[in-house]
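Student: This is a predicted model, with the sequence first.
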Amino acid sequence: MHIARKWFDWKIVLVAAFAVIWDFFIFGDFLSKNEETELLLGKLFLMTHFVVGVGITYYALAGLFNKTDIYVSREAIQIKHKPLPWLGNKRLIATELKQLYGKEVIRSHNFGNRVVYEVHTLISNGQNIKLLGGLETSEQALYIEQEIEKYLSIENIPIRGELG
């Protein structure tokens, strides 16, 4: 079984626009030679902003082009994020999976709280492993959970804190 999820969201367009503006100004500062950038403190300030710009740009590009592929077979579950490398790729042995469940996570930001959803699994040694995160709706998490459980014939048992 194969489930694919594109990362693109219209919010990422705003991040990409911000990244372009940020990078434009930082690149302009690199090209200009003034007394402030000649000082060590000025160079450090500029380098810090350059690194932040690289991070924001990479995040925006990943959001625009990446997708997550979930491959499920009787032997294993494999999660791959591509085409740009991203954390979270994993491979789990299917026979070790005891239960899957969706979970609501509240992330705090400067602009308020944001609710995202994750899919977790309990494996035979009792360990809890996050399979997938950053889902926008509970329906996405429940769909992935239910499809994998159905494919692997895992009986759904209630877990404390899981999505209803």
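Tutor: Now that the structure is in, tell me what you want to look at. Numbering: from 1, shown residues only.

Student: List the residues that contact residue 13.
Tutor: Contact partners of residue 13, counting by C-beta atoms under 8 Å, 6 or more residues apart in numbering, are residue 64. To be clear about C-beta, it is placed using only N, CA and C from the backbone, and glycine gets the same treatment.

Student: what about it, which SS state?
Tutor: helix (DSSP: H, G, I helix; E, B strand; the rest coil).

Student: how far away is it from residue 153?
Tutor: 41 Å (C-beta to C-beta, to the nearest Å).

Student: again with residue 18
Tutor: Residue 18 sits 46 Å away from residue 153, going by C-beta to C-beta.

Student: out of these two, which sits in the busier spot?
Tutor: residue 18 (14 against 7; other C-beta atoms under 10 Å).

Student: got the buried residues for the strand or helix carrying that one?
Tutor: Using DSSP states H and E, residue 18 sits in helix 10-31. Within helix 10-31, the residues that count as buried by 16 or more other C-beta atoms under 10 Å are 12, 15-16, 19, 22-23, 26, 29.

Student: Strands of the protein, start to end?
Tutor: Ranges of strands in the chain, per DSSP state E, are 2-6, 67-72, 76-82, 90-93, 97-109, 112-123, 128-135.

Student: Present these as TSV; the columns should include mean pLDDT, distance to residue 47 and mean neighbour count.
Tutor: Shown next, in TSV, are those (pLDDT from 0 to 100; distance: least, C-beta to C-beta, whole Å; neighbours: other C-beta atoms under 10 Å):
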stretch	mean pLDDT	distance to residue 47	mean neighbour count
strand 2-6	95	34	13
strand 67-72	96	33	17
strand 76-82	96	28	17
strand 90-93	95	34	13
strand 97-109	90	26	16
strand 112-123	91	30	16
strand 128-135	93	29	17
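
Student: Which strands or helices does the lengthiest helix in the chain pack on?
Tutor: In the chain, taking DSSP state H as the definition, the longest helix is helix 40-65. Helices and strands touching helix 40-65, by 3 or more C-beta pairs under 8 Å, 6 or more residues apart in numbering; DSSP states H and E, are helix 10-31, helix 35-38.
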